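[1] can't give you the sequence, but here's the structure:
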C-alpha cells in the first residue's frame, strides 16, 4: 500500500492511500499473480477517481485533488 499527499484548490492537505489488487494467475506450472486495478481512497475511506497521474476527484463531493501543491497568491 502506498501513501500519497493530495492538495485541494485552497491548499488543504489530504492523506490518501493507493491499494494494488493482485489477481491469481496460478496454473499447473505453479503459483503466480498479476497486478490488477488500483484503488485510491482518502484515509477516512472516501473513494477517489483517477483523472491523471497528478489529479484525483473526490467521488462524493466532486472536489479535485492534486499531488501538486497549489501556488499561494
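    Received the coordinates, thanks. For clarity, every value in this text was computed on a predicted model and none was experimentally measured.

[2] where does the chain dip in pLDDT?
    Low-confidence segments of the chain (pLDDT under 70): 73.

[3] Nearest residue to the middle of it?
    The chain has residue 40 as the residue nearest its centroid, 2.7 Å off, counting by C-alpha atoms, centre = their mean.

[4] and it, what is it in contact with?
    4, 16-19, 47-48, 50, 56 (C-beta atoms under 8 Å, 6 or more residues apart in numbering). Heads up, the C-betas are built off the backbone N, CA and C, glycines and all.

[5] Return the set of buried residues in the longest strand anywhere in the chain.
    Secondary structure of the chain per DSSP state E: the longest strand is strand 13-24. For strand 13-24, the neighbour count (16 or more other C-beta atoms under 10 Å) marks 14, 16 as buried.

[6] just to revisit the earlier point, just grab the bridge partners of the residue nearest to the centre of the chain for me.
    residue 18, residue 48 (DSSP bridges).

[7] Check the protein for me, the residue farthest from its geometric middle.
    Distance-from-mean max, the chain, by C-alpha atoms, centre = their mean: residue 28 at 34.2 Å.

[8] Phi first, then psi, for that one.
    phi -70, psi -20 (degrees, to the nearest 10).

[9] Excluding covalently adjacent residues, which one is nearest to residue 22?
    Leaving aside its chain neighbours, residue 22 sits nearest to residue 33 (4.4 Å; criterion: C-beta to C-beta, 6 or more residues apart in numbering).

[10] Can you report how many residues neighbour the one you found?
    11 (other C-beta atoms under 10 Å).

[11] Can you tell me how far it is from residue 20?
    11 Å (C-beta to C-beta, to the nearest Å).

[12] now swap in residue 5 and tell me
    In terms of C-beta to C-beta, residue 5 sits 18 Å off from residue 20.
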